[in-house]
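Colleague: Predicted model and sequence below, questions to follow.
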Amino acid sequence: MGSLELRNIRKSFGAQEVLKGIDLQVKDGEFVIFVGPSGCGKSTLLRSIAGLEDVTSGTVLINGEDVTVAPPAKRGIAMVFQTYALYPHLSVRDNMALGLKQAGTPTDEINTRVAAATEMLSLEPYLKRRPAELSGGQRQRVAIGRALVREPELFLFDEPLSNLDAALRVQTRVEIARLHRQLGATMIYVTHDQVEAMTLADRIVVLNGGVIEQIGSPMELYNRPANLFVAGFIGSPQMNFIEAARIGETGATIGIRPEHLSVSPTEGRFRGKVIHAEHLGADTNLYLETETAGLVTVRLFGEHRYAADDIVHATPDPAKIHRFDESGRAITA
């Protein structure tokens with residue numbers, strides 16, 4: 001379908017350098033997700049791949065072809081935005097077909113491609129409707145359909161689910177995953193939502209301050225974060241960070257995921273008081289003020305009847321402890 005290679009991509013807006021030398025290779029058929037906090041450069045990087053931003057320096061290659069200065073229409077990409085960007089006066093069918101008509105695609109070919117996208121996205125009941133008559137999830141499916149009919153080398157998604165409510169986000173996320181499996185297409189996806197990244201991506205690119213902190217599969221990032229930033233960004237609730245000297249451990253900082261702590265009312269490594277308990281049904285989150293480790297979050301599976309002011313003891317799984325040096329890098333030995 002389409003490969004992507006970025007070589008030392010830099011982008012500045014005046015004196016502000018937003019991308020600081022990005023190198024990345026995406027293979028045919030991969031689903032790669034850019035994540036990071038607001039202002040990290042992930043959307044700017046996606047727009048640079050699309051040709052919507054001119055890079056300050058560096059090279060963009062799609063299928064081995066240098067497209068660094070090529071306009072978006074010549075890059076073989078299709079982009080899905082969070083705002084849908086549908087024409088309000090056109091029907092669903094006409095919104096999907098418009099780009100092909102403007103490109104001079106024969107009518108029979110347009111009909112074939114629109115029919116295939118309609119079936120794939122279950123849009124048949126809505127073809128004659130206009131965007132105002134659709135729900136947010138339906139509009140996003142039309143936007144995806146409009147990208148599908150172009151048969152691009154790369155699909156680019158810019159936070160496509162951020163305007164949807166929680167239930168629709170889950171439903172549309174499943175549809176995008178199914179679509180990727182059906183098409184075998186190369187997809188680049190930007191989100192600030194780590195759940196989307198963990199559930200959709202073949203590989204995740206974690207960005208921070210215009211640089212790549214780590215690239216890896218979801219479970220590689222979860223199990224082997226390269227540094228404190230990745231360790232704190234991946235995982236919910238966030239990893240606990242404890243000054244190693246406070247608890248007699250080696251390294252500068254100890255990291256323990258909330259789900260890797262067990263709790264006992266009578267004994268354990270960290271004694272503390274429950275300052276808040278979140279009862280979520282499937283999970284129970286406890287926030288403990290401990291005597292040695294400070295504030296510690298514990299995630300327990302299922303319902304546990306702990307409450308504020310209870311005294312409990314938390315113990316980490318020794319095999320799941322992460323250690324970081326003074327510079328914040330993971331200690332792997």
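Modeller: Cool, got the structure. Computed from a predicted model, the values in this text were never measured in an experiment.
Colleague: now the strands for the stretch 51-200 of the chain?
Modeller: Taking DSSP state E, counting those that start in this stretch to define them, one finds strands in the stretch 51-200 of the chain at 57-62, 65-66, 77-81, 154-158, 187-190.
Colleague: and the first one, what other elements does it pack with?
Modeller: Looking back up the chat, that one is strand 57-62. Applying 3 or more CB pairs under 8 Å, 6 or more residues apart in numbering; DSSP states H and E, one finds that strand 57-62 contacts strand 4-13. The C-beta positions use only the backbone N, C-alpha and C, and glycine is treated the same way.
Colleague: What's the mean pLDDT across the strand it packs on?
Modeller: Averaged across strand 4-13, pLDDT comes to 97.
Colleague: Strand 4-13 and the helix or strand just after it, what's the angle between them?
Modeller: For strand 4-13, the following helix or strand on the C-terminal side (DSSP states H and E) is strand 16-26. Relative orientation of strand 16-26 versus strand 4-13 (axes from the mean of the first three to the mean of the last three CA atoms, to 10 degrees): 180 degrees.
Colleague: Report the buried residues of strand 16-26.
Modeller: Across strand 16-26, burial judged by 16 or more other CB atoms under 10 Å covers 18, 19, 22, 24, 26.
Colleague: will you turn the strands of the stretch 51-200 of the chain into CSV that also has mean pLDDT?
Modeller: What follows is these, written out as CSV (pLDDT from 0 to 100):
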stretch, mean pLDDT
strand 57-62, 97
strand 65-66, 95
strand 77-81, 89
strand 154-158, 92
strand 187-190, 95
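Colleague: could these be laid out in a markdown table, adding distance to residue 217 and mean neighbour count?
Modeller: Listed next are the strands of the stretch 51-200 of the chain as a markdown table, based on distance: least, CB to CB, whole Å; neighbours: other CB atoms under 10 Å:
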| stretch | distance to residue 217 | mean neighbour count |
| --- | --- | --- |
| strand 57-62 | 23 | 17 |
| strand 65-66 | 28 | 12 |
| strand 77-81 | 23 | 22 |
| strand 154-158 | 19 | 24 |
| strand 187-190 | 15 | 25 |
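Colleague: quick one on the thing from earlier: and which of the buried residues of strand 16-26 is nearest residue 116?
Modeller: Comparing the buried residues of strand 16-26 against residue 116 with CB to CB places residue 26 closest, at 24.8 Å.
Colleague: doesn't residue 185 make contact with the closest one?
Modeller: No. Applying CB atoms under 8 Å as the test, residue 26 and residue 185 come out as separate, 11.7 Å apart.
Colleague: residues making contact with the least confident helix or strand in the chain by mean pLDDT?
Modeller: In the chain, the helix or strand scored least confidently by mean pLDDT, DSSP states H and E is helix 166-183, which has a mean of 85. Residues outside helix 166-183 that contact it (CB atoms under 8 Å, 6 or more residues apart in numbering): 1, 31, 120-121, 135-137, 140-141, 144, 148, 157, 160-161, 164, 185, 187, 189, 196, 199-200.
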